[in-house]
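**Student:** next one to model:
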Amino acid sequence: MTSLKGLLFSQYATEGLADLVEEMQKKYKPKKGRRFNHNNITYEISRPTLKENIIEFEISSKIPEDELVNAKDMKAYFGNINKIVAKSKPGPISIEMENIVWDSRRDTEKERDYVKLLYSYALDDLFDNEAIVKNNEALASNDNSSVPASSTFTRQGTEVLNMVREMIQTRGRENLETLVNANNTVQKKLSK
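**Tutor:** Numbers count the residues shown, from 1 in each chain. The predicted structure is shown next:
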């Protein structure tokens, strides 16, 4: 059974990743859904899922098959991306090459290969308990007012949830930048 903490953290993680999608769609060329395009590569950020007090989400990028000659080149491209991304800290818990067949019109099929990265964060790693305590002590010494009666959350609870949203967005952005940089590096190697 999912805890209230898990449900709330999941909701705020969802908001953080939605903000990241919006940010990337403004920075790069937007595409439908949770996708954007940069240097002829489509990227996608999944919605987070909650599994046993862990938030997981995927970041994927299309392998630019129009720049590659054959399946061997595709595997080499993926291998190079894998080497770069695997060195990042904290790295993904899973790096896979996935083949997706699109048949949106039911009359055409398009095969696309993707690099799919799975990231995982324990709920307790998504906020800084010491920072919450320090902020609360500072506010308590400077402010004698209480949280309004209509509020569902305490001031500290609201601060924790906002920290979760910001942490997921920040980590998601760092992971995405690692993948974008890896694709840029590998594409440059191919063009030589």
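**Student:** just the CA atoms of the top strand by length along the chain, as CSV, please.
**Tutor:** With DSSP state E setting the assignment, residue counts place strand 110-122 as the longest strand in the chain. Only the C-alpha atoms of strand 110-122 are listed here, as CSV (Å, rounded to 0.1, in the frame of the first residue of the first chain):
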residue,chain,number,x,y,z
LYS,A,110,8.1,3.4,-38.6
GLU,A,111,10.8,1.6,-36.6
ARG,A,112,12.8,3.8,-34.3
ASP,A,113,15.6,2.9,-32.0
TYR,A,114,15.9,4.8,-28.7
VAL,A,115,18.4,5.1,-25.9
LYS,A,116,16.3,4.7,-22.7
LEU,A,117,17.8,5.7,-19.3
LEU,A,118,16.0,4.8,-16.1
TYR,A,119,16.7,7.0,-13.0
SER,A,120,15.7,6.1,-9.5
TYR,A,121,15.6,8.2,-6.3
ALA,A,122,14.6,7.2,-2.8
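**Student:** tell me, please, the helix or strand in this structure that averages the lowest pLDDT.
**Tutor:** helix 129-142 (a mean of 73; mean pLDDT, DSSP states H and E).
**Student:** which residues sit in contact with the residue lying closest to residue 169 once chain neighbours are set aside?
**Tutor:** Spatially, and ignoring its direct neighbours in sequence, residue 169 is nearest to residue 16 (3.8 Å; Cβ to Cβ, 6 or more residues apart in numbering). Every C-beta, even on glycine, is put in place using the N, C-alpha and C of the backbone. Contact analysis of residue 16 by Cβ atoms under 8 Å, 6 or more residues apart in numbering lists 164, 165, 166, 167, 168, 169, 172.
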